[in-house]
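Chemist: Build me a model from this:
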Amino acid sequence: MPRLATIAALLVAAAVAQNQREVHARNTHRTLVFDVASAPYVHRRSLSPELELAAKADLDPQGRVFGWSLEVRKRNARRPDNLLYGSRFWHGPQPSQFDAWTVAAGYWPNRRDLPVRSRRLVVTAECRDCRTRGTGPNVTFTHGTLAVGWHKT
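Modeler: Residues are numbered from 1 along each chain as shown. Got it, this is the predicted structure:
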C-alpha cells in the first residue's frame with residue numbers, strides 16, 4: 001500500500017509539473033521582458049499573422065540607452081504606421097515611448113495600457129524598478145526591466 005501511495009504522489013507531481021510548463025509556455029508567448037539598460041537593443045514578437053510588436057532602444061552618442069519605443073505594425077503594409085500612436089499628428093512624448101527622462105519625471109505612469117488602433121488588442125507595458133542617471137536631455141537608464149504583454153479585448 002505505501003508503494004501505491006508513492007506512485008500516486010509521483011503521478012500527481014508529474015501532472016502538476018506538466019501543467020506548470022504549459023502555463024509558462026503560454027505566458028512567455030504573450031510576454032516580452034528585457035533589461036532597459038543593456039543589449040540587445042531590438043526585441044520582436046508576433047502578435048498575429050498580420051501584426052508584429054517591436055521594442056527598440058534609443059541610444060545616446062556614448063551608446064547608453066535613453067529610451068525605448070514600442071511599436072505595433074502591420075506586416076507587409078505599404079505605409080506601416082505605429083498602431084500604438086493615437087494619431088499620426090500627435091507631437092511630443094507618446095505613451096508607447098519609455099524615455100528615461102519621462103520615467104524620471106513621472107511624465108507617464110510606469111504601467112501603461114496601450115490600445116492598438118483599429119484592433120481589439122491592448123498592449124500593456126510596465127517599467128519595473130527602473131532607475132535613471134543624469135539630468136535634462138542627458139538622462140539614461142541604469143537599471144530596470146520593461147515588461148510588455150498583450151491581450152485581446
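
Chemist: what's the distance between residue 112 and residue 151?
Modeler: Residue 112 sits 14 Å away from residue 151, taking C-beta to C-beta, to the nearest Å as the criterion. (C-beta placed from N, C-alpha, C; glycine too.)

Chemist: Which of the two has more residues huddled nearby?
Modeler: Applying other C-beta atoms under 10 Å to residue 112 and residue 151 shows that residue 112 carries more neighbours, namely 18 against 11.

Chemist: Tell me what the more buried one is bridged to.
Modeler: residue 125 (DSSP bridges).

Chemist: Could you list every helix and strand that whichever strand or helix holds residue 142 packs against?
Modeler: Following DSSP states H and E, the helix or strand that holds residue 142 is strand 140-152. For strand 140-152, the packing partners by 3 or more C-beta pairs under 8 Å, 6 or more residues apart in numbering; DSSP states H and E come out as strand 31-35, strand 51-59, strand 65-74, helix 100-105, strand 121-133.

Chemist: for the longest one, packing partners?
Modeler: Taking 3+ C-beta pairs under 8 Å, 6+ apart as contact, the helices and strands that strand 121-133 lies on are strand 65-74, strand 97-99, helix 100-105, strand 111-115, strand 140-152.

Chemist: thinking again about what came up before, got a list of contacts for the strand holding residue 142?
Modeler: 30-37, 47, 53, 55, 60, 64-68, 70, 98, 100, 103, 116, 120-134 (C-beta atoms under 8 Å, 6 or more residues apart in numbering).

Chemist: Quick check: PyMOL command selecting the buried ones in the residues you listed.
Modeler: Paste this into PyMOL to select the buried members of those, with burial taken from 16 or more other C-beta atoms under 10 Å:
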select buried, resi 32+34+36+37+47+53+55+64+65+66+67+68+70+98+100+103+116+121+123+125+126+127+130+132+134
